[in-house]
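Enquirer: Quick check, what structure comes out for this input:
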Amino acid sequence: MSRRLHNAKRVHTYSSMWGKQYNPHSRCIGEGRLSDKPTSFDIAYLAGVSQPTVSRALRGSPAVNEETRRRIEAIARQLNYKVDKNASNLRFQHSNTLALLIFEDPTPDDSLINPFFHSMLASITRACAQRGYDLLISFQQQSGDWHTDYEDSRKADGIILLGYGDYLETRARLEQLVAQGTHFVRWGAVLAGQPGLSVGCDNFQGGYDAAQHLITLGRRNIAFLGHASSHYPEFFERYRGYAEALNRVGASVRPALQVDAITTEQSGYTAACELLKRAQPFDAIVAASDLIAIGALRALQEKRIEVPATVSLVGFDDIPAANLANPPLTTVMQDTRLAGEVLVDTLLRLVREEPAEGRVLPTRLVVRRSCGAQATSG
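Expert: Sure thing, here's the model as predicted:
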């Protein structure tokens, strides 16, 4: 039988079995040659899964559910596929390296890195070193091809993601990471049904504590600067906590006192100017980040509105600049040292294919002079 007729027969057989047209030439993309020997890419195509999922299923990984594993094994038997042990060992040899992808943010300096991530970078680096891993740091643009599979290229055993902009726009890329079997964990809101695992702070409680503290100081017309939608889930949770604190004391949550802002000083300045333009009375501001709060402070000072005598101000993150502001900024602190350790440990559990889950870390209110209360720190 000629090679062409033999291949044609295989196309017909697979089409009748699985109800889809299979082109054996698709196997050659990564091999540079045409071969009648079936590959894991053949199985992946027919099973409707990624090639890494096939590899995990055939070596008995608990990361693949039972139904998928049985389907893959059945196709492998039908194709008389044999696992190449030498190639498998090479493919899954660990590099003892983790990759950290940091995404650019608009900043007033040339770093383009959110100041909050500076301390996070230090804690992740320290945690990797303590666990015997090297860290590959890669600076990424939001629009770049950052979801490249680092593991298949053996650059790293897994990926940590810091920063991602609009979550709804990024979600498709996170889903692609899941589909291709990439081990990754990200710093962000821990959400039900999200692709992959996240480690993040208790944003709801942090927002609640910030507003509750202002309420105990006698403030009732409290504004919120920061996006309050699913596009920015961390900010949205902080907003929800703020709103809950107001609701519990019967204070109104007024839409006119919420202004969208991203994590930049300029955005905070613009949002505060918009708030002032609306001419709605307010006596306090909860800002979704310290940078937003610092920008708002500048806008208030330009209008000769005294902080905290006339307007109390609270931020979120406890970046170094918060303590250097005038007056020093009351803020919600995220424990970056613990965050780095949890991110690394969670990723290593995924790399070892051990059970892992997202984790919510506690926050702590740091009181300084910007709220009008006696400072307890800084």
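
Enquirer: okay, CA-based contacts and neighbour counts for the rest of this
Expert: Noted.

Enquirer: Over to the residue minimising distance to the centre of the chain. Which of the three states is it?
Expert: Within the chain, one residue has its C-alpha closest to the average C-alpha position: by Cα atoms, centre = their mean, that is Arg186, at 3.6 Å. Under DSSP: H, G, I helix; E, B strand; the rest coil, Arg186 falls in the strand class.

Enquirer: what pairs with it across the strands?
Expert: Leu161, Ser198 (DSSP bridges).

Enquirer: what residues are up against it?
Expert: Ile160, Leu161, Leu162, Leu197, Ser198, Val199, Leu343 (Cα atoms under 8 Å, 6 or more residues apart in numbering).

Enquirer: Quick one: mean pLDDT over stretch 233-253.
Expert: When pLDDT is averaged along stretch 233-253, the result is 95.

Enquirer: how close does the closest residue to Arg278 other than its chain neighbours get to Gly206?
Expert: By the measure of Cα to Cα, 6 or more residues apart in numbering, the closest residue to Arg278 outside its immediate chain neighbours is Ala256, 7.4 Å from it. As for Ala256, its distance to Gly206 is 22 Å (criterion: Cα to Cα, to the nearest Å).

Enquirer: thinking again about what came up before, for the residue nearest to Arg278, what are its contacts?
Expert: Under the criterion of Cα under 8 Å, 6+ apart, the contact partners of Ala256 comprise Leu275, Arg278, Gln280.

Enquirer: and if you look at Gln140?
Expert: The contact partners of Gln140, taken as Cα under 8 Å, 6+ apart, are Leu101, Ile102, Phe103, Glu104, Trp146.

Enquirer: so which one among those residues has the lowest pLDDT?
Expert: Within these, the minimum per-residue pLDDT falls on Trp146 (56).

Enquirer: where do the helices sit along the stretch 201-350 of the chain?
Expert: For the stretch 201-350 of the chain, the helices defined by DSSP state H, counting those that start in this stretch occupy 203-216, 233-248, 265-277, 290-302, 320-324, 336-351.

Enquirer: Quick one: closest of the ones you listed to Arg71.
Expert: Nearest of the helices of the stretch 201-350 of the chain to Arg71, taken as Cα to Cα: helix 336-351 at 23.3 Å.

Enquirer: which secondary structure elements does that closest one contact?
Expert: With contacts defined as 3 or more Cα pairs under 8 Å, 6 or more residues apart in numbering; DSSP states H and E, the packing partners of helix 336-351 are helix 115-130, strand 158-162, strand 184-187, strand 197-201.

Enquirer: I'd like the contacts of Ala256 as JSON lines, with pLDDT appended.
Expert: Listed next are the contacts of Ala256 as JSON lines, based on pLDDT from 0 to 100:
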{"residue": "Leu275", "pLDDT": "98"}
{"residue": "Arg278", "pLDDT": "96"}
{"residue": "Gln280", "pLDDT": "94"}
